[in-house]
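K.L.:
Next one to model:
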Amino acid sequence: MRDEEFRSKFIKDGKATWRTYVIGIFVGAAGLLAEHYFPGGSRSIIVGSAAIIMTIIAKRRYWRFAAFWGTLTVLAVLQIPLMMACKGLLDEFKFGFMLLLAVADFFVISLVIEVVADWLDFIIMPDSTGSRHDV
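P.N.:
The predicted structure follows:
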């Protein structure tokens, strides 16, 4: 799917489409439920989820590869102890640290996915002439 086609599903004529609202409502409801069932613990859930969601959206060119989803799953599982370790800092510094941690986490996850993609060489495919090109 081309970028323009993908974007047009979420933004059309400069306005958000119904898909954008559904995603926003779903994420908001999930955050409220997390705060209700895990009082004070939802900050770490929100940070970890935001990093994973940002990575999925930013790396959509890899969606068709199983190695992407496998790597992302392993990284999501590894985030559980990281977020548990950062809970005290998240409670103390609130939003500023949440934003910093989410962005840093996003960059680390993206870097790992790029390294794995390069290592497995599942993005660069040989074409019919035997030369290599970007998909």
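K.L.:
shaky segments in the chain?
P.N.:
Within the chain, the segments meeting pLDDT under 70 span 1-4, 6-17, 20, 24, 27-28, 31, 35, 40-41, 121-135.
K.L.:
quick check: domain ranges of it?
P.N.:
Listed domain ranges for the chain are 1-37, 42-123 (source: automatic domain parsing).
K.L.:
so can I have a markdown table of those domains showing mean neighbour count?
P.N.:
(Each C-beta comes from the backbone N, C-alpha and C, glycine too.) A markdown table is the format used below for the domains of the chain (neighbours: other C-beta atoms under 10 Å):
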| stretch | mean neighbour count |
| --- | --- |
| domain 1-37 | 11 |
| domain 42-123 | 16 |
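K.L.:
Surely Ala117 is in a strand?
P.N.:
No: assigned with DSSP: H, G, I helix; E, B strand; the rest coil, Ala117 falls outside any strand and is helix.
K.L.:
In this structure it contacts Arg61, no?
P.N.:
No: look at Ala117 against Arg61 with C-beta atoms under 8 Å: they stay out of range, at 9.4 Å.
K.L.:
As a check, name the ranges of all helices in the chain.
P.N.:
With helices called from DSSP state H, the chain shows them at 3-8, 18-37, 42-58, 66-120.
K.L.:
Could you list every helix and strand in contact with the longest one?
P.N.:
So that's helix 66-120. Applying 3 or more C-beta pairs under 8 Å, 6 or more residues apart in numbering; DSSP states H and E, we find helix 66-120 packed against helix 42-58.
K.L.:
Tell me which other helices or strands the helix it packs on touches.
P.N.:
helix 18-37, helix 66-120.
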